[in-house]
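Student: just coords:
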């Protein structure tokens with residue numbers, strides 16, 4: 001049986017204090033290389049919403065974190081270095097800050113399974 005393809009979808013907004021050019025440079029130089037080096041990650045990419053064409057979304061940015069397979073998400077998301085990195089992101093770039101009460105508000109993480117795609 002073939003491995004089930006999976007990814008983590010991370011959605012978020014940046015804090016009002018964030019310089020967007022500085023953030024995008026940080027994504028290219030720090031964030032993207034870090035996540036692409038985590039064991040279990042096939043590909044990690046950063047995206048920003050340019051315009052809402054139909055409907056409204058609650059985020060301005062999202063990241064696609066493609067995993068080795070569906071079972072890899074616990075290894076990837078549970079990685080201690082990744083959790084420390086995420087805490088640093090929250091301190092520097094988030095809307096609300098690092099208090100536990102804001103878990104799930106600064107960014108959201110969804111485990112996704114591919115159900116159809118071309119080979």
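Tutor: Here it is on my side, so go on. Note that the coordinates shown come from a computational prediction; the quantities given were computed from them, not determined experimentally.

Student: Low-confidence ranges, this structure, go.
Tutor: Residue ranges of the chain with pLDDT under 70: 1-2.

Student: where along it do the helices fall?
Tutor: Here the chain has its helices, by DSSP state H, at 20-26, 32-36, 72-77, 80-93.

Student: For this structure, which segments count as strands?
Tutor: Assigned by DSSP state E, the chain shows strands spanning 6-12, 41-48, 61-67, 107-113.

Student: would you list those strands in CSV and tack on distance to residue 93 and mean neighbour count?
Tutor: Placement of C-beta: from N, CA and C, glycine included. Formatted as CSV, the strands of the chain follow (distance: least, C-beta to C-beta, whole Å; neighbours: other C-beta atoms under 10 Å):
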stretch, distance to residue 93, mean neighbour count
strand 6-12, 8, 19
strand 41-48, 12, 15
strand 61-67, 10, 20
strand 107-113, 9, 14
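
Student: Mean neighbour count, the helices of the chain: which tops it?
Tutor: For the helices of the chain, the largest average neighbour count (mean count of other C-beta atoms under 10 Å) is found in helix 72-77, namely a mean of 17.

Student: re the thing from before, looking at the helices of the chain, which is nearest to residue 4?
Tutor: Comparing the helices of the chain by their distance to residue 4 (C-beta to C-beta), the top pick is helix 72-77, with 10.3 Å.

Student: list the helices and strands that closest one packs on?
Tutor: Helix 72-77 sits against strand 6-12, strand 61-67, with contacts defined as 3 or more C-beta pairs under 8 Å, 6 or more residues apart in numbering; DSSP states H and E.

Student: what about it, distance to the chain center?
Tutor: Chain-centre distance of helix 72-77: 13 Å, with C-alpha atoms, centre = their mean, to the nearest Å.

Student: can you check stretch 95-105 too?
Tutor: Centroid separation between stretch 95-105 and its chain, computed with C-alpha atoms, centre = their mean, is 15 Å.
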